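Asker: quick one: sequence and predicted model below, then my questions.
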Amino acid sequence: MKIFITVKSLAKRKRYIDRVIFEFATKPCTLKELITAIVTKNVTGFRVGDASDQFFGFLPASEIEMQASSGKVGFTHKYNSKKEDLQQSIVTAITAFEDGLYKVFIGEEEIEQLDSPILMQDEDVVTFIRVTMLAGRIW
């Protein structure tokens with residue numbers, strides 16, 4: 001099964017990355033299985049050092065400009081040789097969803113529960129929207 005993944009941020013008008021093709025060995029039945037498969041592919045790509053296997057491994061021009069204004073631009077070069085813990089990464093991604101740090105849409109439908117069944121077709125578009133936290137005073 002093949003799907004397209006798009007990552008967006010509420011703070012930006014354009015897509016963070018264009019659609020990335022993701023292929024499953026087995027079709028995920030729940031959102032939890034979908035998140036687990038995506039995190040597993042990213043961690044595996046990070047361990048191998050293949051930046052093309054990572055969905056978040058590059059910076060578009062808009063991100064470079066934004067980071068440059070803060071004084072530091074980060075690239076995909078790994079300065080730390082520590083291997084990422086796959087299980088901890090999966091737990092972190094699932095906890096972030098439960099805490100409302102990102103939303104997941106399959107097509108136009110928002111998936112709100114980790115364990116509810118999802119209906120995915122071949123070449124569906126899955127969108128992850130990062131929710132931006134507001135900072136500052138209320139008064």
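Answerer: That came through, no problem.

Asker: now do the strands in this structure.
Answerer: 2-9, 20-23, 102-106, 109-111, 125-130 (DSSP state E).

Asker: pipe those strands into a markdown table and attach mean pLDDT per row.
Answerer: Below are the strands of the chain laid out as a markdown table (pLDDT from 0 to 100):
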| stretch | mean pLDDT |
| --- | --- |
| strand 2-9 | 82 |
| strand 20-23 | 86 |
| strand 102-106 | 92 |
| strand 109-111 | 93 |
| strand 125-130 | 89 |
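
Asker: to residue 62, which of those strands lies closest?
Answerer: strand 2-9 (10.5 Å; CB to CB). Bear in mind the C-beta positions are built from the backbone N, C-alpha and C, glycine included.

Asker: tell me the angle that closest one makes with strand 102-106.
Answerer: 150 degrees (axes from the mean of the first three to the mean of the last three CA atoms, to 10 degrees).

Asker: and the helix with the most length in the chain, which residues are buried?
Answerer: Criterion DSSP state H: the longest helix present in the chain is helix 31-48. Using 16 or more other CB atoms under 10 Å as the test for burial, helix 31-48 gives 31-39, 41-43, 45-46.
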